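K.L.:
one predicted model, sequence on top.
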Amino acid sequence: MMEPVLDHGKLDVDRLSMAYAAESFRVAKGLSGMHRDARDPRLRAAQSIAWSGVPTASPHASRKATLHPSLMRIAPCEETGRRPSNRRWTVVTAVIVLTACDTRRAEIARDPMAQGPLVVFTDNYPLAYCARRIAGDLAKVEFPAPGDVDPAYWNPGADVISRYQSAGLVLLSGAGYAKWAENAPLPPSRIVDTSSGFRGRLVRVPEAIVHKHGPEGEHAHEGIASHTWLDPNLMRLQARAVADALAKRIDRDAVEKAWSELDRDLGQLAS
């Protein structure tokens, strides 16, 4: 890449500002995922790219100087001893930073996991209890069902569903416990069915549900005992599933330590 050469006595600041601003917008997107640290080598590289294509000034310069884009400093003219104003460079640099920051804010809005403590939603209180014990202050655990409603038969409204959708992690009891969750538009990548690892151990209740539909009349279907936490051994397995999900998102060592304490307590209930 050719380095721009300037005539220090006839510096066209406006022309260079416009060229630099145009190129800055081209590379600003590439800055959105990095820290705004002046020492970041990628930031300096992007600034160097922004200077590519800046036209060469007058060939009658008394001496040549290479512009250093990271600090926007230009050597004083040998003849006059004056420096061009840095005000325009400050404005252009601000444009780059603000554009990149706006892009980063948009990325964070799309990715709830990038904002503060991890937000965890559950579909029953036992899972919320396990998540709070394991995550501690590293996550904000919410169980939004009203206290006077059985969560197994609860139908959350659109506003509550939206909160589930925005969570960084959604812990479901599974085993057919929360019927609403089976058809709710929840993000699959953030859903964890905490009973999926022991489906073979679920208690099946023959002819547990009696109902009628169509011309067949009244009949029954096999059901599953969905209140899995009533068996401390199954609850221990669900707590392990909660710990595995949290360990992928927050500090693993803290998660493992807290889970071991919870598992010990649940083991005492099972003995």
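P.N.:
Perfect, thanks for sending it.
K.L.:
just the pLDDT at residue 2, thanks.
P.N.:
Looking at residue 2, its pLDDT is 44.
K.L.:
give me the domain ranges for the protein.
P.N.:
Following automatic domain parsing, one finds the domains of the chain at 13-110, 113-270.
K.L.:
where among these is average confidence lowest?
P.N.:
Mean pLDDT values for the domains of the chain show the minimum at domain 13-110, a mean of 46.
K.L.:
report the buried residues of stretch 231-243.
P.N.:
Buried positions in stretch 231-243, judged by neighbour count with 16 or more other CB atoms under 10 Å: 231, 234-243. (Glycine included, C-beta is placed from N, CA and C.)
K.L.:
which of those residues fall in helices?
P.N.:
Of the buried residues of stretch 231-243, the ones assigned to helices by DSSP state H are 234-243.
K.L.:
buried sites along stretch 124-144?
P.N.:
Neighbour-count burial for stretch 124-144, counted by 16+ other CB under 10 Å, picks out 124, 126-136, 138-141, 143.
K.L.:
mind listing residues that contact stretch 158-168?
P.N.:
Here stretch 158-168 makes contact (CB atoms under 8 Å, 6 or more residues apart in numbering) with 112-113, 118-121, 142, 144, 156, 170, 184-187, 190, 249.
K.L.:
do stretch 232-243 as well
P.N.:
With CB under 8 Å, 6+ apart as the test, stretch 232-243 has contacts from 126-127, 130-131, 134, 171, 173, 192, 194-198, 201, 228-229, 255-256, 258-259, 262-263, 266-267, 269-270.
K.L.:
pull the CA atoms of it into PDB?
P.N.:
Taking C-alpha atoms only, stretch 232-243 is exported to PDB below (Å, rounded to 0.1, in the frame of the first residue of the first chain):
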ATOM      1  CA  PRO A 232     -35.500 -37.500  45.100                       C
ATOM      2  CA  ASN A 233     -33.500 -39.800  42.900                       C
ATOM      3  CA  LEU A 234     -35.100 -38.400  39.800                       C
ATOM      4  CA  MET A 235     -34.800 -34.900  41.200                       C
ATOM      5  CA  ARG A 236     -31.000 -35.500  41.500                       C
ATOM      6  CA  LEU A 237     -30.800 -36.400  37.800                       C
ATOM      7  CA  GLN A 238     -32.700 -33.200  36.900                       C
ATOM      8  CA  ALA A 239     -30.400 -31.100  39.100                       C
ATOM      9  CA  ARG A 240     -27.500 -32.600  37.200                       C
ATOM     10  CA  ALA A 241     -29.100 -31.600  33.900                       C
ATOM     11  CA  VAL A 242     -29.600 -28.100  35.300                       C
ATOM     12  CA  ALA A 243     -25.900 -28.000  36.300                       C
END
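K.L.:
just the strands in the stretch 151-271 of the chain please.
P.N.:
For the stretch 151-271 of the chain, the strands defined by DSSP state E, counting those that start in this stretch occupy 169-172, 191-193, 204-212, 218-224.
K.L.:
now do the end-to-end distance for stretch 176-195.
P.N.:
10 Å (CA to CA, to the nearest Å).
K.L.:
stretch 239-257 too?
P.N.:
Terminal residues of stretch 239-257 are spaced 13 Å apart (CA to CA).
K.L.:
just use 58 as the starting number from now, easier for me
P.N.:
Sure, I'll start numbering at 58, so the last one becomes stretch 296-314.
K.L.:
end to end, how far does stretch 208-226 reach?
P.N.:
18 Å.
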